[in-house]
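Visitor: For reference, the sequence and a predicted model appear below.
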Amino acid sequence: DYTFNFFNPYALRYIIEKNVKRVCLSPELNLKQIAKFPDLSKAELIVHGDLVVMTSEYCMLSGVLSEGEKPCRERICRRDNYYIQDDKGFSFPIVTDANCRFYVLNSRTLCMIEDLYKLIKLKPYALRIEAHRLRGEELTKTITIYRQALDQINNNLKPELLEYKKQLGNISSSSFTKGHYYRGVL
């Protein structure tokens, strides 16, 4: 679970010393900040998927759409796809979990397929795909595309990363972003 954010090498080293096997670095870090970590061999980097921008224990969907006293029993959240739209017209998907937690996802899907060389050079433990909304064939295709690209890179072949990005675009339900890898937050 990447919601326990790691923003610096000191926090990463501390938690690894406490026998945690591996962690996922904060998706708010940019590539320059990540490159300053001396050892990423126990760290995951998110390369693709719908990132959570807000989590709430209160399910707004049940509060707004339910007519009964026990809204979660009605499973309103499972009946349709829901979004929050901002003043610029961007739609942020809403998903819920089995414990009625409410998640707002980024309006755009993170896609770092074009930057695999840069990410591999950092030598992380793993590259992670966040699959909040990917199901079945979409998930299989996404994993297959990244696996093919990584296998080609590992075999000193030159993958067609732009073609892979196009294929991922055909699967995705939103346009792509590079997240904070190039602009950062901190």
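Guide: Everything's here; your move.
Visitor: Distance of Tyr146 relative to Lys118?
Guide: 15 Å (Cβ to Cβ, to the nearest Å). Placement of C-beta: from N, CA and C, glycine included.
Visitor: So between these two, which is more surrounded?
Guide: More neighbours surround Tyr146 than the other of Tyr146 and Lys118, with 19 against 13 (other Cβ atoms under 10 Å).
Visitor: What's the mean pLDDT across the strand or helix carrying the more buried one?
Guide: Using DSSP states H and E, Tyr146 sits in helix 136-154. Averaged across helix 136-154, the pLDDT comes to 96.
Visitor: so what does that helix touch, helix or strand wise?
Guide: Using 3 or more Cβ pairs under 8 Å, 6 or more residues apart in numbering; DSSP states H and E as the contact test, the elements touching helix 136-154 are strand 43-49, helix 116-121, strand 126-130, helix 161-171.
Visitor: how much distance is there from the first one to the middle of the chain?
Guide: Right, strand 43-49. When C-alpha coordinates are averaged (Cα atoms, centre = their mean, to the nearest Å), strand 43-49 and its chain have centres 6 Å apart.
Visitor: again, but for the last one
Guide: The gap between the average C-alpha position of helix 161-171 and the chain average comes to 17 Å, counting by Cα atoms, centre = their mean.
Visitor: cool, and stretch 27-41?
Guide: 16 Å.
Visitor: again with stretch 154-163
Guide: Worked out by Cα atoms, centre = their mean, stretch 154-163 lies 23 Å from the chain centre.
Visitor: Output that stretch as PDB - backbone C-alpha positions only.
Guide: Listed next in PDB are the C-alpha coordinates belonging to stretch 154-163 (Å, rounded to 0.1, in the frame of the first residue of the first chain):
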ATOM      1  CA  ASN A 154      16.800  -6.400 -20.400                       C
ATOM      2  CA  ASN A 155      17.800  -8.200 -23.600                       C
ATOM      3  CA  ASN A 156      19.500  -5.100 -25.000                       C
ATOM      4  CA  LEU A 157      16.700  -4.600 -27.600                       C
ATOM      5  CA  LYS A 158      15.100  -1.300 -28.300                       C
ATOM      6  CA  PRO A 159      11.400  -1.400 -27.500                       C
ATOM      7  CA  GLU A 160       8.900   0.800 -29.400                       C
ATOM      8  CA  LEU A 161       7.900   2.700 -26.300                       C
ATOM      9  CA  LEU A 162       5.700   5.200 -28.200                       C
ATOM     10  CA  GLU A 163       3.800   2.300 -29.800                       C
END
